[in-house]
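Participant: what shape does this take:
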Amino acid sequence: MKTQNSLSKIRNIGIIAHIDAGKTTTTERILYYTGKIHKVGEVHEGTTVMDWMEQERERGITITSAATTCSWKNYQINIIDTPGHVDFTVEVERALRVLDGAIVIFCGVEGVEPQSETVWRQADRYGIPRIIFINKLDRVAANFYHSVERIGEKFSLIPLPIQIPIGEEEGFVGVVDIIRMKAIIWQGEGLEVKIVERDVPPSIKEKAFHWHNYLMEKIAESNEGYLERFIEEKSLSVKEIKEEIRSMTLAHKAVPVLCGSSLKNKGIQLLLNAVNDYLPSPLDIPPVEGVNPITQERERRKPSPQEPFSALAFKVVTDPYVGRLTYLRVYSGRIEKGSFVYNSTKNRKERIAKILEMHANYRKERKEIVAGDIGGIVGPRSIDTGDSLCGNSNPIIFEGMEFAEPVISIAIEPKTKTDENKLYGSLRKLVQEDPTFKINQNEETGQTIISGMGQLHLEIMLDRLRREFDIEVNSGKPQIAYKEAIRKRAYARGQYIHQSGGRGQYGDVELEVEPIENGQKTFLDKTKGGVIPKEFIAAIRKGVERTMRVGVLASYPMVNVKTTLLDGSYHAVDSSEFAFRTAASIAFKKASRQADPYLLEPVMKLEIRIPQDSMGEVMGDIVSRRGRIYHTELKGTIYYISGYVPLAELFDYVTKLRSLTQGKGIPNIEFYRYEEVPSDRAETIIGQGGKNA
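Facilitator: Numbering: from 1, shown residues only. The predicted model follows:
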């Protein structure tokens with residue numbers, strides 16, 4: 001049975017970074033040194049435990065977040081290894097939503113990379129305390145101090161190096177423990193490399209003292225009680241230093257920085273010590289807050305097994321062996337195998353058939369899951385990502401999760417009649433797993449349209465249809481997920497009246513539309529005196545929403561529109577929901593066409609690294625793609641270019657960049673925001689019939 005003391009020795013952490021910074025390699029070493037696995041897999045060989053999907057092993061990238069549990073020095077560490085590729089940022093988002101702390105990995109050669117910034121902002125949004133691990137210091141051109149400087153500048157934080165490297169590149173042989181002022185040297189090669197503690201070498205002693213004094217100054221500045229002692233005695237005990245670093249980390253005043261080389265098995269044990277020492281336990285996190293769905297009052301759940309049960313479902317997967325598997329973070333209380341939980345988000349009661357401890361795609365059955373734990377449950381069929389679970393007598397709904405909207409779509413069709421019967425059900429399972437993957441049916445053409453965060457995202461989904469569900473499909477060319485909006489306010493009346501003897505149809509509404517910000521869609525009813533009976537208001541709203549889904553310009557969804565029902569009339573006999581829904585659709589179309597509608601397109605943030613001699617051609621190519629360059633920086637012989645480019649102009653960009661740079665250009669592309677399509681291009685898109693062309 002878990003106690004408050006055992007809760008203090010739990011760490012729920014994520015490993016986050018830019019793609020290829022070494023997340024999975026680091027996780028694999030952590031599992032080896034904690035005794036969870038006895039043979040280390042390698043990403044480049046496709047043998048890692050955490051990258052278990054066939055697509056991950058073939059491509060050498062992480063696609064789905066994987067959870068595991070290990071222990072280090074009597075601490076239980078629950079780890080989620082997350083993807084670095086921007087197309088799968090949903091996996092980072094939902095992992096950070098339920099984690100208490102994170103290891104952020106930076107490449108010692110590249111320093112702060114574009115996706116590093118993205119995951120850092122995501123961690124900021126959820127207030128996640130972090131430690132930094134600067135990896136790959138054995139590589140040519142690795143520079144620990146430059147990376148620390150760039151991290152401090154880029155994220156406006158105080159980096160606290162608690163280690164500095166001994167040696168550079170191939171000569172990287174150890175670190176100085178800045179807290180204890182001891183050298184830690186690695187001897188030998190491979191997984192059995194030995195750790196030897198020595199005095200700080202004379203060649204680095206001056207630099208070590210500089211960083212030790214820097215650390216002491218930051219601690220003294222943070223803690224007034226230590227400031228006076230530091231001025232008088234110039235020293236604090238190791239225990240005091242560690243306690244204050246922990247306090248600063250949890251308060252987001254500073255971030256401890258460690259270093260090593262995961263591939264060469266250097267620094268992993270010290271990183272695990274830092275996880276125990278500086279990252280939070282469930283007891284260090286404020287009680288989670290939610291809303292009681294009955295009283296509508298805010299309530300809190302403390303991280304205690306004695307509290308009423310509460311948990312958040314942060315991931316749903318279709319497991320070939322156990323069926324629908326839901327990943328939970330338990331915030332309070334406990335549940336046992338065979339018991340019932342209440343899905344307060346959907347107002348449904350569900351039975352827990354099995355409770356599982358996950359190790360990537362391996363699983364071990366458990367009897368219960370308790371406050372502070374991350375685990376899986378099998379049985380419930382109604383639970384989706386972001387749903388709140390609790391006891392029936394103590395209901396609570398936690399804040400859900402928000403995910404980015406898809407920016408690219410393709411039309412697909414099954415190759416055989418047999419596959420046609422299976423396709424929609426299989427797609428629904430993929431949608432349940434990934435909230436950024438969408439499907440819809442084109443009402444005019446009957447085509448199935450799938451949408452996602454990028455070409456790679458959709459490629460993976462089509463590959464999963466083939467491998468996991470045995471469904472072959474034909475797919476069309478990628479289509480841009482344009483949207484429609486309006487510039488001004490407008491009014492219109494819509495009527496649907498058919499009366500030719502007997503019961504007819506009668507619906508009459510007057511609507512106002514006006515632009516609003518931030519992708520919102522709202523509907524207000526301002527009618528008075530019962531001009532339209534209440535039972536028809538919902539039908540009017542549905543008519544508006546259905547029309548917004550297909551737009552008024554080129555069949556794209558409308559956003560940033562506020563619709564207000566102003567007036568109307570009804571017939572005591574002939575009025576119906578269908579009539580009012582149709583009348584609302586007519587009125588909305590009329591008003592929107594008078595409100596100066598326009599098209600929006602997804603614009604991507606493009607960041608690339610290129611050789612200096614390719615600068616002119618690459619810049620010219622970006623401008624020719626309607627790109628806007630906002631930053632360039634030369635580091636040695638490498639140019640770093642940042643800009644914004646419409647997604648419509650980027651379909652062949654990676655191939656073109658390789659051609660312009662002899663294969664040396666490295667791009668990173670992520671969604672930035674929606675912007676207005678230039679009028680000449682908008683006319684072309686509308687003239688072609690939009691997405692139905």
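Participant: check which residues of the strand or helix carrying Lys205 are buried.
Facilitator: Assessed by DSSP states H and E, Lys205 sits inside helix 202-222. By neighbour count with 16 or more other CB atoms under 10 Å, helix 202-222 contains the buried residues Ile204, Ala208, Trp211, His212, Leu215, Met216, Lys218, Ile219, Ala220, Ser222. Just so you know, the C-beta spots here come from the backbone N, C-alpha and C atoms, and that holds for glycine as well.
Participant: what about the spatially closest residue to Arg493 that is not a sequence neighbour, distance to Ile516?
Facilitator: Distances taken as CB to CB, 6 or more residues apart in numbering place Glu510 nearest to Arg493, at 4.6 Å, with adjacent residues excluded. To Ile516, Glu510 is 20 Å away according to CB to CB, to the nearest Å.
Participant: for Ser332, same thing?
Facilitator: For Ser332, the distance to Ile516 - CB to CB - is 38 Å.
Participant: so the two - more neighbours on which side?
Facilitator: More crowded of Ser332 and Ile516, by other CB atoms under 10 Å: Ser332, with 26 against 14.
Participant: contacting residues for the more buried one?
Facilitator: Val288, Arg301, Lys302, Pro303, Ser304, Pro305, Glu307, Pro308, Phe309, Ser310, Ala371 (CB atoms under 8 Å, 6 or more residues apart in numbering).
Participant: closest one of these to Val559?
Facilitator: Distance to Val559, by CB to CB, is smallest for Val288 among the contacts of Ser332, at 31.6 Å.
Participant: distance of the closest one from Thr249?
Facilitator: 20 Å.
Participant: please enumerate residues in contact with stretch 542-557?
Facilitator: By CB under 8 Å, 6+ apart, stretch 542-557 touches 443-444, 481-484, 511, 521, 523, 558, 561, 563, 580-585, 588-589, 592-593, 597-599, 685-686, 689-692.
Participant: likewise for stretch 666-686?
Facilitator: 18, 86, 89, 113-115, 118, 404, 407, 453-454, 482-483, 519, 553-554, 559, 598-610, 626, 644, 646, 650, 653-654, 657.
Participant: need the buried ones from those selected in ChimeraX.
Facilitator: To isolate the buried members of the contacts of stretch 666-686 in ChimeraX, using 16+ other CB under 10 Å:
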select :18,86,89,113,114,115,118,407,453,454,482,483,553,554,559,599,600,601,602,603,604,605,606,607,608,609,610,626,644,646,650,653,657
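Participant: give me the subset of the contacts of stretch 666-686 that lies in helices.
Facilitator: Thr89, Pro114, Gln115, Thr118, Tyr653, Val654, Leu657 (DSSP state H).
Participant: how about TSV for these, with distance to Asp277 added?
Facilitator: Below are the ones in helices among the contacts of stretch 666-686 laid out as TSV (distance: CB to CB, whole Å):
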residue	distance to Asp277
Thr89	30
Pro114	30
Gln115	27
Thr118	28
Tyr653	44
Val654	42
Leu657	43
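Participant: centroid-nearest residue for the chain?
Facilitator: Glu93 (2.5 Å; CA atoms, centre = their mean).
Participant: identify the residues contacting the spatially closest residue to Tyr672 that is not a sequence neighbour.
Facilitator: Spatial nearest neighbour of Tyr672, excluding adjacent residues (CB to CB, 6+ apart): Lys605 at 4.2 Å. Lys605 makes contact with Pro114, Ser642, Gly643, Tyr644, Ile669, Glu670, Phe671, Tyr672 under the criterion CB under 8 Å, 6+ apart.
Participant: count of neighbours near the residue nearest to the third one when sequence neighbours are not counted?
Facilitator: By the measure of CB to CB, 6+ apart, the closest residue to Gly643 outside its immediate chain neighbours is Ile629, 4.1 Å from it. Residues contacting Ile629 under the criterion other CB under 10 Å number 15.
Participant: can you tell me the SS state at Ile629?
Facilitator: strand (DSSP: H, G, I helix; E, B strand; the rest coil).
Participant: any figure for the gap between it and Leu389?
Facilitator: Relative to Leu389, and taking CB to CB, Ile629 is found at 48 Å.
Participant: unless I misread the structure, Lys429 falls within a helix.
Facilitator: Yes - residue state for Lys429 (three-state DSSP) corresponds to a helix.
Participant: hang on, it packs against Val317?
Facilitator: No - using CB atoms under 8 Å, Lys429 makes no contact with Val317, being 9.0 Å away.
Participant: now the closest residue to Tyr640 other than its chain neighbours, what's its secondary structure?
Facilitator: Excluding its sequence neighbours, the residue lying closest to Tyr640 (CB to CB, 6+ apart) is Glu633, at 4.6 Å. With three-state DSSP as the basis, Glu633 sits in strand.
Participant: so where's the protein uncertain?
Facilitator: Applying pLDDT under 70 to the chain flags the ranges 1-5, 40-64, 84-85, 230-234, 360-361, 442-446, 501-502, 519, 689-693.
Participant: longest strand in it, by residue count?
Facilitator: With secondary structure taken from DSSP state E, the chain has its longest strand at strand 597-611.
Participant: so after that one, what's the next helix or strand?
Facilitator: Following strand 597-611 in sequence, per DSSP H and E, is helix 615-624.
Participant: show me what that next one is in contact with.
Facilitator: 606, 608, 610, 629, 639, 641, 643, 645, 656-657, 660-661, 665.
Participant: buried sites along it?
Facilitator: Going by 16+ other CB under 10 Å, helix 615-624 has these buried residues: Val618, Met619, Asp621, Ile622.
Participant: show me where the stretch 301-450 of the chain has helices.
Facilitator: 417-433 (DSSP state H, counting those that start in this stretch).
Participant: next secondary structure element downstream of the strand or helix carrying Ile669?
Facilitator: Assigned by DSSP H and E, Ile669 belongs to strand 666-676. Using DSSP H and E, the helix or strand that follows strand 666-676 towards the C-terminus is helix 679-687.
Participant: so Lys438 makes contact with His457?
Facilitator: No - applying CB under 8 Å as the test, Lys438 and His457 come out as separate, 11.0 Å apart.
Participant: which residue of the two possesses the greater neighbour count?
Facilitator: Set side by side, Lys438 and His457 show more neighbours around His457, with 24 against 16, by other CB under 10 Å.
Participant: got the contact list for that one?
Facilitator: Counted by CB under 8 Å, 6+ apart, His457 has contacts Asp87, Phe88, Ile408, Thr436, Phe437.
Participant: export the one helix or strand it maps to as PDB, just CAs?
Facilitator: Using DSSP H and E, the element containing His457 is helix 455-468. Once non-C-alpha atoms are left out, helix 455-468 reads as follows in PDB (Å, rounded to 0.1, in the frame of the first residue of the first chain):
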ATOM      1  CA  GLN A 455       2.600  14.500 -45.100                       C
ATOM      2  CA  LEU A 456       4.500  12.100 -42.900                       C
ATOM      3  CA  HIS A 457       1.600  11.900 -40.500                       C
ATOM      4  CA  LEU A 458      -0.800  10.800 -43.200                       C
ATOM      5  CA  GLU A 459       1.800   8.400 -44.700                       C
ATOM      6  CA  ILE A 460       2.100   6.700 -41.300                       C
ATOM      7  CA  MET A 461      -1.700   6.400 -41.000                       C
ATOM      8  CA  LEU A 462      -2.100   4.900 -44.500                       C
ATOM      9  CA  ASP A 463       0.800   2.500 -43.600                       C
ATOM     10  CA  ARG A 464      -1.000   1.500 -40.400                       C
ATOM     11  CA  LEU A 465      -4.200   0.900 -42.300                       C
ATOM     12  CA  ARG A 466      -2.300  -1.600 -44.500                       C
ATOM     13  CA  ARG A 467      -0.300  -3.300 -41.800                       C
ATOM     14  CA  GLU A 468      -2.600  -3.300 -38.700                       C
END
